[in-house]
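Peer 1: requesting a structural model of the entry that follows:
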Amino acid sequence: ARLAPGAGAPTSLAAASALGFGSLGGGASTATGVDGAGGGGVSSGACADSRAAVVDLEPADGMVLHVAGSACCAPSPQPAPTDRSGCCQRCSASVGCEVYVWQPSVGTCWLMSWKDAQQRTLAPAPDRVTGERQAR
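Peer 2: Next up is the predicted model:
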């Protein structure tokens with residue numbers, strides 16, 4: 001089950017900071033137990049750990065660019081639904097991906113790179129789970 005918005009916000013802000021995100025909006029929570037919507041993606045390695053993501057946050061407008069393998073807006077789109085670990089795996093397999101955003105309600109997975117490595121700002125966004133690229 002997904003944590004309610006705002007549940008454990010201090011922990012999630014610390015977790016997001018530990019993931020390397022910069023400024024954060026409020027009302028976030030960690031992604032504990034958020035796998036499961038949509039088919040595809042086999043959990044393995046670091047992508048199986050849902051604690052490596054934050055819930056109800058996504059990169060702020062203008063902070064990222066879509067990269068190959070994203071659900072849209074980039075070469076070689078992959079619009080097929082997946083789960084959180086599958087989205088994480090897509091990011092790990094995409095050379096340019098630094099951050100992924102998964103939409104649990106429909107399984108959409110966006111792969112992106114930060115425009116500026118020093119500005120990794122997240123903004124509140126319901127129905128989003130955001131994580132950094134995991135080591136292969």
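Peer 1: the longest strand along the chain packs against which elements?
Peer 2: Secondary structure of the chain per DSSP state E: the longest strand is strand 122-132. Using 3 or more Cβ pairs under 8 Å, 6 or more residues apart in numbering; DSSP states H and E as the contact criterion, the elements in contact with strand 122-132 are strand 53-59, helix 84-93, strand 99-103. Quick note: C-beta positions are derived from backbone N, CA and C, even for glycine.
Peer 1: nearest to residue 126, out of these?
Peer 2: Taking Cβ to Cβ as the criterion, strand 53-59 is the member of those that comes nearest to residue 126, at 5.7 Å.
Peer 1: that closest one pairs with which strands, parallel or anti?
Peer 2: strand 29-30 (antiparallel), strand 122-132 (antiparallel) (DSSP bridges).
Peer 1: can you redo those as TSV with distance to residue 106, mean pLDDT and mean neighbour count?
Peer 2: Formatted as TSV, the entries for those read as follows, by distance: least, Cβ to Cβ, whole Å; pLDDT from 0 to 100; neighbours: other Cβ atoms under 10 Å:
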stretch	distance to residue 106	mean pLDDT	mean neighbour count
strand 29-30	20	46	22
strand 122-132	9	94	21
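Peer 1: so which of the ones you listed comes closest to residue 70?
Peer 2: Comparing the strands paired with strand 53-59 by their distance to residue 70 (Cβ to Cβ), the top pick is strand 122-132, with 13.6 Å.
Peer 1: let's see that closest one as CSV, backbone CA atoms only.
Peer 2: What follows is strand 122-132 as a C-alpha-only set of coordinates in CSV (Å, rounded to 0.1, in the frame of the first residue of the first chain):
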residue,chain,number,x,y,z
LEU,A,122,11.7,18.4,-6.8
ALA,A,123,8.2,19.7,-6.7
PRO,A,124,5.0,18.2,-5.2
ALA,A,125,3.2,15.9,-7.7
PRO,A,126,0.4,13.5,-6.7
ASP,A,127,0.6,10.0,-8.3
ARG,A,128,4.3,10.2,-8.9
VAL,A,129,7.3,8.2,-7.6
THR,A,130,10.7,9.6,-8.4
GLY,A,131,14.1,7.9,-8.0
GLU,A,132,17.7,8.4,-9.1
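Peer 1: what's the angle from that strand to helix 84-93?
Peer 2: The directions of strand 122-132 and helix 84-93 differ by 80 degrees, with axes from the mean of the first three to the mean of the last three Cα atoms, to 10 degrees as the criterion.
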